[in-house]
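> got a structure for you, letters missing:
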């Protein structure tokens, strides 16, 4: 087993690379849970259902008008776009997640004694492809 440092992570939204502005990203996968317990059981019995998930990212705000987080993300609110996340960085055989996401929320935070930050919330829409990167 080899440990991976987070600094190598690549995060792209709508084919635009936000990695230079991103300090953290998260991909959460979930499944529906259906209670199929019948009479006579002493414990619940469950079956899985549809897959679901969300993704988030956040980082340091950059006011570059054409390539900063605000310029890239704000126009995407309410749209379905492609998410590409490579937690191991770029390279043949390394992990990669790609799929369609609905951009549901963009936030900017301005603390008085720190840097302005941004965050984005994404809802998976359809299947997520978790194949390794091709050579």
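That came in fine, so what should we check first? This is a predicted model, so every value here is computed, not measured.
> now do the contacts for the residue with the largest distance to the centre of the chain.
Largest separation from the mean C-alpha position in the chain: residue 40, at 42.3 Å (Cα atoms, centre = their mean). Contact analysis of residue 40 by Cβ atoms under 8 Å, 6 or more residues apart in numbering lists nothing. Heads up, the C-betas are built off the backbone N, CA and C, glycines and all.
> pLDDT at the closest residue to residue 60 other than its chain neighbours, what is it?
Spatial nearest neighbour of residue 60, excluding adjacent residues (Cβ to Cβ, 6 or more residues apart in numbering): residue 115 at 5.3 Å. Here the pLDDT value assigned to residue 115 is 95.
> count the residues that sit near residue 115.
Using other Cβ atoms under 10 Å, residue 115 has 12 neighbouring residues.
> and residue 34, by the same measure?
Residue 34: 11 surrounding residues under other Cβ under 10 Å.
> what's the answer for the one 3 residues further on, then?
The number of residues packed around residue 37, counting by other Cβ under 10 Å, is 11.
> could you measure from it over to residue 43?
Distance, residue 37 to residue 43, by Cβ to Cβ, to the nearest Å: 8 Å.
> all strands of the chain, in order?
10-13, 16-17, 22-35, 46-60, 80-86, 97-109, 117-129 (DSSP state E).
> residue 72: which of those is closest?
Closest to residue 72 of those, according to Cβ to Cβ: strand 16-17, at 4.9 Å.
> just checking: what are the partner strands of that closest one?
Sheet pairing for strand 16-17, assigned by DSSP bridges, gives strand 10-13 (antiparallel).
> run through this structure and note the low-pLDDT ranges.
The model of the chain has pLDDT under 70 over residues 1.
> ok so, going back, return the most buried member of the strands of the chain.
Highest mean neighbour count among the strands of the chain (mean count of other Cβ atoms under 10 Å): strand 10-13, with a mean of 20.
> tell me what residue 84 is bridged to.
Under DSSP bridges, the beta-bridge partners of residue 84 are residue 12, residue 98.
> just to check, it is in contact with residue 100?
No - Residue 84 is not in contact with residue 100 according to Cβ atoms under 8 Å; the separation is 11.1 Å.
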